[in-house]
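>>> following is a predicted model, sequence given first.
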Amino acid sequence: MRPASRLDRSPEQLLGLMTVAEKVGQLSLYSAAVHWGGDPVNPALTFDPPEKRLAAIRAGEVTGIFNVHGEASVRALQRIAVEESRLGIPLVFAADVIHGFRTALPVPLAEAASFEPALAGRAAELAASEAAAAGIHWTFAPGADLCRDARWGRAVESYGEDTHLASLIAAARVRGFQGEDLADPRRLMATVKHFAGYGAAEAGLDYGSAEVSDATFAEAYLPPYRAAIDAGAGAVMTAFNDVGGVPCTASRDLLTGVLREGWGFEGVTVSDYNSDAETIVHGHAADRREAAKCCFLAGLDICMESGLYAEHLADLVASGEVPMALLDAAVLRVLRAKAALGLFDDPYRGLAVEQDAAALKTFAREAARRCPVLLKNEGGVLPLRPGVRAALIGPFADEHAHLNGAWAIFADNGESASLLDGFAASPEIAALSVAPGCGIESPIEGGIAAALAAAEGSDVVVLALGEGQHMSGESRSRADPSLPAAQLELARAMRSLGKPVVTLLRTGRPLAIPELAGLSDALLVTWFLGAETGHAIADLVLGRAAPGGRLPMSFPRHVGQLPLYYARKRTGRPPEAGKPRFTARYIDVEPGPLYPFGFGLGYGRADYGPVRLDHATMAWDGTLTARCTIRETAGAAIEEVAQLYLHDVAASRIRPVRELKGFAKLAIPANGEVEAVFEITRGLLAFADGTAEPGAFELWIAPHAEAGEPARFVLEPEA
């Protein structure tokens, strides 16, 4: 065994001892071949045979492996790196820990629906601990990609359409993953991704070009990445797309200009899977050598999977095309990250961390209760009353294959609680009948007839509909994100029974569901909730808990409206009631969303009073207090998300019609009232660059982005 003192050297000392080949090795990251649900997690590239990869680790020419986990595998590979390589530099083990590790937690879009950054932070903390115990040091999360187009498959991995909400949750997740000290063996290094503008892909088509103006890019898309970096994210992953005609992985403007020179980022940058080599396919680099040169000089530290740096970087340094000083700087950033993770002190960190399985399960259930959004509850059909006879109908009534959602690659769907598991364990239900009725995307012969028979003697039909796990996620863009026809036909049949219909909509994105909404007495968007899906939904449907989630993305009336988001620019001819012509509207669809951003109901009713400002003007360096009294008027306690929106009435650049600038989740007792209070500072009125302009502003405190009457105030000029 090599002497432990070899690990006592500082990153700077190690750098001075390294050959160019070893330096390049510290910038080369490779994947294990991983499959999930029968499909490869990433595109099938040519993986090196094990003996070749082990030889590279022994030669000190691999910085780390991702998607390898488990004590036996991690110890075996780490032992080779530490004890058999010349300098004994530890490997870093990485993984896509997106929403839980072995215990699947709600998908990111569902987390955003909670409007609780602290919940997202706690979820990241627990996922980190579970992953660290399996030998993982580094996660490729959080994704801070703003998404305004429901067609985009990776909407499920986003925090939705709003810049402010996405920024808060991305920052909270970084703090949850990393904690106060990265060397804590229960923590992971976080990676903010995909830098930048990945969610702005044209037509919602994954990997597509992001055609977005400089102003919108700076004001809407960049701030969530910046928030995650300001929270201390140790790494940044580049996006597959181009911005302004340059692939992000080869963009010096982004990786050096914005990230390092503009924001002061000192951590490591890493390509997404093969995205450096794909600059050739983009038409930016002529060949693999040029791709390696372009990406490295742009500011890309670590090459993921493609092997470009291993093939060409040493030669580029030898020829003088890449300065040795830049190579040394990149390697030093990687070594410092490993040191911050405590890998030089304990290369096997985390493997001895014990897990509190019961506490994790309890949290998974609580988190899953906090995320669903109640969109409709006609006649107060929910919560269901004790003694009810229920028919649980639909393709998701009794199954385990579609519970966890995209990127739950280390979790076992079979161990997650299905809807039937949750309802069958509920003593409030006097009788329960179950039938699928149809498949996820196709009819079942005799399925609807069997479902009608199963529902005949019930008091209420609970419809379990929506997307399968395979219908959202990476490379899962949908031109028509609506309910599959077979499921809609089932909903029509259930409506014909004349019984109350409660629809549970499982989805990884907003869907265009106007007909389904009309067929449902109650409509609960449940997303993908993970390990405790069935128990959490039963808690909500039966009144053991109350829904408090709000939509992080607008639900369209029709797919033709996409992209659809509330923070749109004001046109000179906005749509007006009674003016169907010569205004900005479609002739065949009502303007606006079916359900807007921020919308959600509880089992009570929140009535908002008028906004009250303590002054009509605000001094340049002053503050303004806005208040609104919210009353519960239906006799049921609720959690209300009071939302603060602002609008600059006349600005040098047109501002969105509204921008979310704050929110508060308030507990309101039955027939009680609370006061929502927000403090306004000049910073809330400014552009992303911090510039504010004096003049008139409108302010709303409202239950969603399309509600309420504004109050006006004036920001006075600088004295």
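Yes, it's here.
>>> need the contact list for residue 334.
26, 27, 63, 268, 301, 302 (C-beta atoms under 8 Å, 6 or more residues apart in numbering). To be clear about C-beta, it is placed using only N, CA and C from the backbone, and glycine gets the same treatment.
>>> repeat for residue 696
The contact partners of residue 696, taken as C-beta under 8 Å, 6+ apart, are 649, 650, 712, 713, 714.
>>> got the residue ranges for the strands in the stretch 501-650 of the chain?
For the stretch 501-650 of the chain, the strands defined by DSSP state E, counting those that start in this stretch cover 501-506, 522-525, 606-608, 612-613, 617-618, 624-632, 638-648.
>>> nearest to residue 162, out of these?
With C-beta to C-beta as the measure, strand 638-648 is the member of those nearest residue 162 (9.8 Å).
>>> immediately after that closest one, which helix or strand?
Scanning forward in sequence from strand 638-648 by DSSP states H and E, the next helix or strand is strand 659-668.
>>> show the average pLDDT along the helix or strand following that next one.
Later in the chain than strand 659-668, the nearest helix or strand by DSSP H and E is strand 673-680. Averaged over strand 673-680, pLDDT sits at 98.
>>> describe which strands strand 673-680 pairs with in its sheet and in which direction.
When pairs are called by DSSP bridges, strand 673-680 turns out to pair with strand 624-632 (antiparallel).
>>> tell me the contacts of the closest residue to residue 644 other than its chain neighbours?
Spatial nearest neighbour of residue 644, excluding adjacent residues (C-beta to C-beta, 6 or more residues apart in numbering): residue 662 at 3.9 Å. Counting by C-beta under 8 Å, 6+ apart, residue 662 makes contact with 164, 643, 644, 678, 684.
>>> list the beta-bridge partners for the fourth one.
With DSSP bridges as the criterion, the beta-bridge partners of residue 678 are residue 626.
>>> do the same with the third one
With DSSP bridges as the criterion, the beta-bridge partners of residue 644 are residue 662, residue 701.
>>> right, and it touches residue 703 too?
No: assessed by C-beta atoms under 8 Å, residue 644 is found out of contact with residue 703, at 11.7 Å.
>>> those two: which has the busier surroundings?
Set side by side, residue 644 and residue 703 show more neighbours around residue 644, with 25 against 22, by other C-beta atoms under 10 Å.
>>> contact partners for the more buried one?
626, 660, 661, 662, 663, 678, 699, 700, 701.
>>> now, which of these sits nearest residue 250?
residue 660 (33.7 Å).
>>> residue 276 touches residue 291, doesn't it?
Yes: Residue 276 is within contact range of residue 291, at 5.8 Å (criterion: C-beta under 8 Å).
>>> okay, and the common contacts of the two?
In contact with both residue 276 and residue 291: 250, 308, using C-beta under 8 Å, 6+ apart.
>>> can you pull up the most central residue in the protein?
residue 158 (3.0 Å; C-alpha atoms, centre = their mean).
>>> got the CA positions of stretch 239-256 in PDB?
What follows is stretch 239-256 as a C-alpha-only set of coordinates in PDB (Å, rounded to 0.1, in the frame of the first residue of the first chain):
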ATOM      1  CA  ALA A 239     -25.700  23.200 -22.400                       C
ATOM      2  CA  PHE A 240     -26.100  21.300 -25.600                       C
ATOM      3  CA  ASN A 241     -27.600  24.300 -27.400                       C
ATOM      4  CA  ASP A 242     -26.100  27.300 -29.100                       C
ATOM      5  CA  VAL A 243     -26.700  30.900 -28.100                       C
ATOM      6  CA  GLY A 244     -26.100  33.500 -30.800                       C
ATOM      7  CA  GLY A 245     -24.700  31.000 -33.200                       C
ATOM      8  CA  VAL A 246     -22.000  29.600 -30.800                       C
ATOM      9  CA  PRO A 247     -22.500  26.300 -29.000                       C
ATOM     10  CA  CYS A 248     -22.500  27.000 -25.300                       C
ATOM     11  CA  THR A 249     -19.700  24.400 -24.700                       C
ATOM     12  CA  ALA A 250     -17.400  26.500 -26.900                       C
ATOM     13  CA  SER A 251     -18.600  29.900 -26.000                       C
ATOM     14  CA  ARG A 252     -15.900  32.100 -24.500                       C
ATOM     15  CA  ASP A 253     -18.500  34.900 -24.000                       C
ATOM     16  CA  LEU A 254     -20.400  32.600 -21.600                       C
ATOM     17  CA  LEU A 255     -17.800  30.500 -20.000                       C
ATOM     18  CA  THR A 256     -15.200  33.200 -19.500                       C
END
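>>> quick one on the thing from earlier: so of the contacts of residue 334, which ones are in helices?
Counting by DSSP state H, none of the members of those fall within helices.
>>> just the ones of the residues you listed in strands?
residue 268 (DSSP state E).
>>> could you redo the contacts of residue 334 as TSV and give each row neighbour count and pLDDT?
Shown next, in TSV, are the contacts of residue 334 (neighbours: other C-beta atoms under 10 Å; pLDDT from 0 to 100):
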residue	neighbour count	pLDDT
26	29	98
27	24	98
63	30	98
268	25	98
301	28	98
302	25	98
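>>> nearest to residue 331 among the contacts of residue 334?
Nearest member of the contacts of residue 334 to residue 331, counting by C-beta to C-beta, is residue 26, at 4.9 Å.
>>> wait, doesn't that closest one sit right on residue 336?
No: taking C-beta under 8 Å as the definition, residue 26 is not a contact partner of residue 336, at 11.1 Å.
>>> by neighbours, which of the contacts of residue 662 wins?
Ranking the contacts of residue 662 using other C-beta under 10 Å puts residue 643 first, with 28 neighbours.
>>> list the residues that contact the closest residue to that residue other than its chain neighbours.
Nearest non-adjacent residue to residue 643, counting by C-beta to C-beta, 6+ apart: residue 663, 4.7 Å away. Residue 663 is in contact with 115, 165, 641, 642, 643, 644, counting by C-beta under 8 Å, 6+ apart.
>>> check what pLDDT residue 388 gets.
Residue 388 carries a pLDDT value of 98.
>>> ok, the one 4 residues further on next?
pLDDT, the model's per-residue confidence, is 98 for residue 392.
>>> quick check: it is in a helix.
No: according to DSSP: H, G, I helix; E, B strand; the rest coil, residue 392 belongs to no helix; its state is strand.
>>> residues touching it, list them.
The contact partners of residue 392, taken as C-beta under 8 Å, 6+ apart, are 398, 419, 420, 423, 432, 433, 434, 462, 464.
>>> can you put these in JSON lines and add neighbour count and distance to residue 410?
Shown next, in JSON lines, are the contacts of residue 392 (neighbours: other C-beta atoms under 10 Å; distance: C-beta to C-beta, whole Å):
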{"residue": "398", "neighbour count": "18", "distance to residue 410": "25"}
{"residue": "419", "neighbour count": "26", "distance to residue 410": "23"}
{"residue": "420", "neighbour count": "19", "distance to residue 410": "24"}
{"residue": "423", "neighbour count": "25", "distance to residue 410": "27"}
{"residue": "432", "neighbour count": "17", "distance to residue 410": "32"}
{"residue": "433", "neighbour count": "18", "distance to residue 410": "35"}
{"residue": "434", "neighbour count": "19", "distance to residue 410": "30"}
{"residue": "462", "neighbour count": "30", "distance to residue 410": "31"}
{"residue": "464", "neighbour count": "27", "distance to residue 410": "26"}
